[in-house]
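**Q** Just a sequence and a predicted model for now, questions to come.
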Amino acid sequence: MSTTQIATPASHWDIFCTVVDNYGDIGVTWRLAKQLAAEYHIKVNLWVDDLHSFSHILPNLIATKRQQTFNGVNIFQWNNPLDIEYQAGSVIIEAFACELPEQVKTIIEQRHKQSKSLAPHWLNLEYLSAEDWVDGCHGLPSTQVNGVKKWFYFPGFNRKTGGLICEQHLFKEREQWQSDFNNKMTLFKQLGLTGINHHDTVISVFSYETEALTALIRLWQTSTTAIHVLIPKGRSLTSIAPFIPGETNNLIPGQHVKLGNLTLHILPMTDQTGFDRLLWSCDFNIVRGEDSFLRAQWAAKPFIWHIYPQEDDYHLVKLEAFMKIYCDNLAAEISTTWCKLNLAFNQDDQHAVVNHWQQLNSVILPLQQHALNWPNNALDDADLASRLVQFVKNS
Amino acid sequence: MKTAHEIRPGNVIMLDGSPWVVQKTETTRSGRNAAIVKLKLKNLLLDSGTEQTFKGEDKLDDIILERLDCTYSYFADPMYVFMDEEYNQYDVEADNLGDAATYIVDGMEDQCQVTFYNGKAISVELPVHIVREVIYTEPSARGDTSGKVMKPATITGGGTVTVADFVKVGDKIEIDTRTGEFKKRV
């Protein structure tokens, strides 16, 4: 049986996602798919090659089921070659330059040959970067050898780019959540985290492995006030292994380890709404990659961004580019401290990260105020989904 | 076929049934190390321009056109004039040279390749590596000899190249014309 067919153009959108970094790529595409369905009433098919990883952020997803629907989004197991009948819609998004299945590319080409107007809009949704070159590459066509046009869509921090993923009522929900401290206390209780008092410092950690984290844990142990570090099972845990009696693999969510005035809490995995609320509830967030990096900004709390490491330390160029725009209107003392802290963390510099964390105290109040103001500045009028819908209409 | 990453200014590629000369290439890095190549193109039939973006490994249909080894002769605004070994002269529009124009200087002896389309000289490819003199750069700030600290330098002809901190005025440097990168001090 043929698994592909050419039919009358349908109006649905297909998003294809290969899972590279467990929760990053799928995190972004899942948020986008939900938003397109909820706010723009677009029928979205999300094709994912690793439903098991996906199920960590969508706990009700059944990893062995080939087709299921959540939040109005049809989720498909993407095997290569495709073994589910495929019908092209009006838009096809390859997330983060993933390679579309051959059957899909064939259908795009056949449609294009019939008539250019019949071919679906084919977009490559790229990674988020604050680098200047993004402005000049966003929205450019990419004519393939067969004549089919694909478009490069770059998220970004200004109007020349494709914007940032942000649900319509997110900031209002966050403000309401943060206006009542009972919300965070209830959340901590629901997550099985015990012994946290309202005035204690709470830090979430969702980073890659780094000795900088090990150094910070050592520092926080000696704190004169109570600090709680919330950390899920995964890559960050490797860096705190020296402090854990026994194997980190044996830790279970809800378990905690007391080290002086520092308490390490093992977090259960949560869905995206739960993760947002966790970030909203902490005093400081250490995040990684792209999805949690953006959500930490929307949480309006100070954060460290542990960026995905690249060859030749190129990730530091991307980090510098973001720090430059984030600190654009910050006083030099504040921006220097925050930037050096982020740089030290990303360079695994144990001495420097401790030093700059200690200096953070003197600038924490204006930094918190800046974090509060940042989301509206960064969004710059329109979010990614609305710009994307408009882009498709115009192209 | 070439990958987008292999395309150089002066190449001619077929896009949607038309020949386009590549005037400028710009390679950047996306997340997870993937290359993104932005091309500035000029349609050889319609004389119109466009910009397109490709993944580094995207295949592009480059056309093998007639080429001749030539040397640069002189500039007659807006044309660069090149000469072959039989002293035939060929005019190439400045626009079509793209970034290569940065490296064109009077008296240069570099062997270039002039490309022809329908009998008309349409572009020039420089050698992959050329040597130029640094005519201005700030003195070394920190005495760095590792080659990791970089600074801007103006080369003969007025172009700017990012060079290692140890490079001084008067030094001759090797440049990769595909990327505009400083390779070494000669």
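**A** Structure received.
**Q** can you list the residues of chain A near chain B?
**A** By C-beta under 8 Å from any C-beta of the partner chain, the residues of chain A that approach chain B are A:20, A:96-97, A:124, A:126-129, A:131, A:133, A:136-137, A:140-145, A:147, A:152, A:290, A:308, A:310-311, A:314, A:318. To be clear about C-beta, it is placed using only N, CA and C from the backbone, and glycine gets the same treatment.
**Q** Find the closest residue to chain A in chain B.
**A** B:Gly31 (3.1 Å; C-beta to the nearest C-beta).
**Q** For ChimeraX, what selects the buried ones among the residues of chain A next to chain B?
**A** In ChimeraX syntax, the buried subset of the residues of chain A next to chain B is picked out as below (16 or more other C-beta atoms under 10 Å in any protein chain shown):
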select /A:20,96,97,124,126,127,128,129,131,133,137,140,141,142,143,144,152,290,308,310,318
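**Q** Spell out the residue ranges of the helices in the stretch 151-300 of chain A.
**A** If DSSP state H, counting those that start in this stretch is used as the criterion, the helices of the stretch 151-300 of chain A fall at A:170-178, A:181-190, A:211-221, A:235-240, A:272-281, A:291-298.
**Q** Now do the third one: distance to the chain's middle.
**A** Taking C-alpha atoms, centre = their mean, to the nearest Å, the mean C-alpha location of helix A:211-221 is offset from the chain mean by 24 Å.
**Q** Quick check: buried residues in it?
**A** A:Ala212, A:Leu213, A:Thr214, A:Ala215, A:Leu216, A:Ile217, A:Arg218, A:Leu219, A:Trp220.
**Q** what number of residues lie near the closest residue to A:Trp374 other than its chain neighbours?
**A** Leaving aside its sequence neighbours, A:Trp374 sits nearest to A:Gln297 (C-beta to C-beta, 6 or more residues apart in numbering or on different chains; 6.1 Å). A:Gln297 has 24 neighbours, counted by other C-beta atoms under 10 Å in any protein chain shown.
**Q** Assess the claim that A:Gln297 and A:Pro375 are in contact.
**A** Yes: assessed by C-beta atoms under 8 Å, A:Gln297 is found in contact with A:Pro375 at 6.2 Å.
**Q** after the lowest-mean-pLDDT helix or strand in chain B comes which helix or strand?
**A** One helix or strand of chain B scores below all others by mean pLDDT, DSSP states H and E: helix B:94-97, with a mean of 85. Next helix or strand after helix B:94-97 toward the C-terminus (DSSP states H and E): strand B:112-117.
**Q** strands paired with that next one, and their directions?
**A** The strands that strand B:112-117 pairs with in its sheet are strand B:66-76 (antiparallel), strand B:120-125 (antiparallel) (by DSSP bridges).
**Q** Those residues of chain B touching chain A, which are they?
**A** Checking chain B against chain A by C-beta under 8 Å from any C-beta, the hits are B:1, B:15-17, B:26, B:28-34, B:36, B:38, B:50-55, B:58-61.
**Q** make it 6 Å
**A** When proximity is defined as C-beta under 6 Å from any C-beta of the partner chain, chain B approaches chain A at B:15-16, B:28-31, B:33-34, B:38, B:51-55, B:59, B:61.
**Q** Narrow those to those that are buried.
**A** The neighbour count (16+ other C-beta under 10 Å) marks B:Leu15, B:Thr28, B:Arg29, B:Ser30, B:Gly31, B:Ala34, B:Lys38, B:Gln52, B:Thr53, B:Phe54, B:Lys55 as buried among those.
**Q** Which residue does the stretch 51-200 of chain A have closest to chain B?
**A** Counting by C-beta to the nearest C-beta, the stretch 51-200 of chain A gets nearest chain B through A:Tyr127, at 3.1 Å.
**Q** pLDDT wise, what is the nearest residue to that residue once chain neighbours are set aside at?
**A** Using C-beta to C-beta, 6+ apart and skipping the chain neighbours, the partner closest in space to A:Tyr127 is B:Gly31 (3.1 Å). At B:Gly31, the model reports a pLDDT of 81.
**Q** now A:Ile75
**A** Looking at A:Ile75, its pLDDT stands at 98.
**Q** repeat for A:Asn22
**A** 69.
**Q** Next one: A:Asn71 relative to A:Ile304, how far apart?
**A** According to C-beta to C-beta, to the nearest Å, A:Asn71 stands 30 Å off from A:Ile304.
**Q** circling back: didn't the residue of the stretch 51-200 of chain A closest to chain B look like it was pressed against B:Ser30?
**A** Yes: taking contacts as C-beta atoms under 6 Å, A:Tyr127 lies within contact range of B:Ser30: 5.3 Å.
**Q** ok, residues contacting stretch A:186-202?
**A** A:Phe181, A:Ala226, A:Ile227, A:His228, A:Gly254, A:His265, A:Arg277, A:Ser281, A:Cys282, A:Asp283 (C-beta atoms under 6 Å, 6 or more residues apart in numbering or on different chains).
**Q** please redo it, this time with the cut-off set to 10 Å
**A** By C-beta atoms under 10 Å, 6 or more residues apart in numbering or on different chains, the surrounding residues in contact with stretch A:186-202 are A:177, A:180-182, A:184-185, A:220, A:223, A:225-230, A:252-256, A:258, A:261-263, A:265-268, A:270, A:274, A:277-278, A:280-285.
**Q** Go ahead and name everything in contact with the helix or strand hosting B:Met14.
**A** Taking DSSP H and E as the criterion, the element that holds B:Met14 is strand B:12-15. The contact list for strand B:12-15 (C-beta under 10 Å, 6+ apart) reads A:141-145, A:147, A:149, B:1-2, B:4, B:7, B:19-22, B:39, B:41-44, B:50, B:52, B:60-65, B:115-117, B:122-123.
**Q** repeat that for 6 Å
**A** A:Thr143, B:Pro19, B:Trp20, B:Val21, B:Leu60, B:Asp61, B:Asp62, B:Ile63, B:Leu65.
**Q** what sits against B:Lys38?
**A** A:Cys137, B:Glu26, B:Thr53.
**Q** returning to that earlier point: restricted to strands, list the contacts of stretch A:186-202.
**A** Counting by DSSP state E, the part of the contacts of stretch A:186-202 found in strands is A:227-230, A:256, A:258, A:262-263, A:265-267, A:284-285.
**Q** For those residues, name the two members farthest from one another.
**A** Farthest-apart pair in those is A:Lys258 and A:Asn285; separation 22.0 Å (C-beta to C-beta).
**Q** Of the ones in strands among the contacts of stretch A:186-202, just say which sits nearest to chain B.
**A** Nearest to chain B among the ones in strands among the contacts of stretch A:186-202, with distances taken as C-beta to the nearest C-beta, is A:Asn285, at 20.3 Å.
**Q** my read: the closest one touches A:Val205, true?
**A** No: judged on C-beta under 6 Å, A:Asn285 makes no contact with A:Val205 at a distance of 8.1 Å.
**Q** Now do the contacts for residue 160.
**A** In the absence of a named chain, chain A is used. A:Asp135.
**Q** Can you look at chain B instead?
**A** B:Pro152, B:Thr154.
**Q** again with the one 10 residues further on
**A** Shown here is B:Gly170, which makes no contacts under the criterion C-beta under 6 Å, 6+ apart.
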